[in-house]
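**Q** Pasting the sequence and the predicted coordinates here, then a few questions.
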Amino acid sequence: MTPLSDIRTFSDLFCGIGGFHYAANQLGLECVFACDIDLACREQYKQNFGFEPAADIKLVRAEKVPDHDMLFAGFPCQPFSIIGDRKGLNDRRGTLYHEILRIVSVKKPKALVLENVRQFSTNSNGRALNAVLVSLRDLGYSCQWKILNALDFGLPQKRERVIVVGLLRPGVMDLFQWPKPIPNYRPLADLLEQNPAQKHFASETIRKKRLSRHTPKTSPAIWHENKGGNVSSYPFSCALRANASHNYLLVDGERRLTPREQLRLQGFPESFEVIGSDSQIRKQVGNAVPIPMIKSVVEGVLDAHSQIKRRNRVTSTLSDRRVHTRDRSVHL
């Protein structure tokens, strides 16, 4: 934890398999509440963090949520994603952000960090994002948002996400700084397993089809085929997606990413224990947040709180000295 920071605890809404949790834990913060409607995610979370999150957030009474200093929420992105028909705010799942606001209005955490897909910033001509910002500001929060990319935080995955930071205490937002990009991302080769199981290899038909359409410029590389059938390859992964075909991304055009490789692309530690099927893991990791990216944002929040606390302490000390000096002059 950053010295002097008064942020020590957090809540983890729409927690998935715990990307926010890992990021905050690495900075010394303690989770006091988590929830996710997906049973497989809750089981995975329990396996790795020792307690099972609550289920449906709509059934959670805000008064029953423990007090916490910071709130995280990677609320469901599907209604706002470029994938699908862009129903956005007209999709009832898109209103789940109101559940976040319901809890925030009662618990009033000092800080919050929200995450969503890049297209969230332009959904409904920006009205979806603006609705969140206005609602938070109505609750007294100063807010900033920015599009961050996992590639800029050491991960070989192009994953652009809208990050919203809200800070309650006056003056803290003036001290908050977005993290600076890291010049180089980790080589893809460092994340790949040496002897993946045969089940991860694509069929000969798919492999020949892609080889006929594309000649790679580098290896290892992640081959990506879009909906139009165009194949491209990069020394990093395109964004992992929860609902994509299992042949959406292929290593060197030959095999699918293993569950462990997918987790590494999101920054999960080797100690993360995997339970469930490969398809469940693919969905869970596709919905997860890039841990190093979130950690860098949280560090900025903690640093801003430390600065304001340090400034207030200095101001208080100077004020006490002035009072003490006046008292001495009166007695002389």
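**A** Good, I have the coordinates.
**Q** Next one, pLDDT for the spatially most central residue of the chain please.
**A** The centre of the chain sits closest to residue 289, judged by CA atoms, centre = their mean, with a distance of 3.5 Å. What the model reports as pLDDT for residue 289 is 98.
**Q** from what I can see it touches residue 266, true?
**A** Yes - between residue 289 and residue 266 there is a contact under CB atoms under 8 Å: 7.3 Å. Every C-beta, even on glycine, is put in place using the N, C-alpha and C of the backbone.
**Q** how about the nearest residue to residue 18, chain neighbours excluded?
**A** Among residues not flanking residue 18 along the chain, residue 45 sits closest, at 5.3 Å (CB to CB, 6 or more residues apart in numbering).
**Q** which residues touch that neighbour?
**A** Shown in contact with residue 45 (CB atoms under 8 Å, 6 or more residues apart in numbering): 15-18, 21, 34, 36, 51-53.
**Q** let's see 10 Å
**A** By CB atoms under 10 Å, 6 or more residues apart in numbering, the contact list for residue 45 reads 12, 15-18, 21, 31, 34-36, 38, 51-53, 284.
**Q** Give me the subset of those residues lying in strands.
**A** 12, 31, 34-35 (DSSP state E).
**Q** For the stretch 1-150 of the chain, which segments count as helices?
**A** For the stretch 1-150 of the chain, helices defined by DSSP state H, counting those that start in this stretch occupy the ranges 19-25, 39-49, 97-107, 127-138.
**Q** okay, how far is it across stretch 192-210, tip to tip?
**A** Criterion CA to CA, to the nearest Å; first-to-last residue distance in stretch 192-210 is 20 Å.
**Q** for this structure, where's the lowest mean pLDDT among helices and strands?
**A** Ranked by mean pLDDT, DSSP states H and E, the weakest helix or strand in the chain is helix 291-331, scoring a mean of 77.
**Q** neighbours of residue 270, just the number please.
**A** 7 (other CB atoms under 10 Å).
**Q** what does the model give it for pLDDT?
**A** 98.
**Q** Numbering from 514 from now on, please.
**A** Sure, I'll start counting at 514 from here, so that last one is residue 783.
**Q** Look at it and give its secondary structure.
**A** The three-state assignment at residue 783 reads coil, by DSSP: H, G, I helix; E, B strand; the rest coil.
**Q** mind listing the helices for the stretch 664-813 of the chain?
**A** Per DSSP H, counting those that start in this stretch, the stretch 664-813 of the chain has helices spanning 717-726, 772-778, 791-799, 804-844. These are given in chain order.
**Q** among those, which is nearest residue 733?
**A** helix 772-778 (10.8 Å; CB to CB).
**Q** what touches both of residue 802 and residue 779?
**A** Common neighbours of residue 802 and residue 779 (CB under 10 Å, 6+ apart) are 530, 532, 535, 663, 672.
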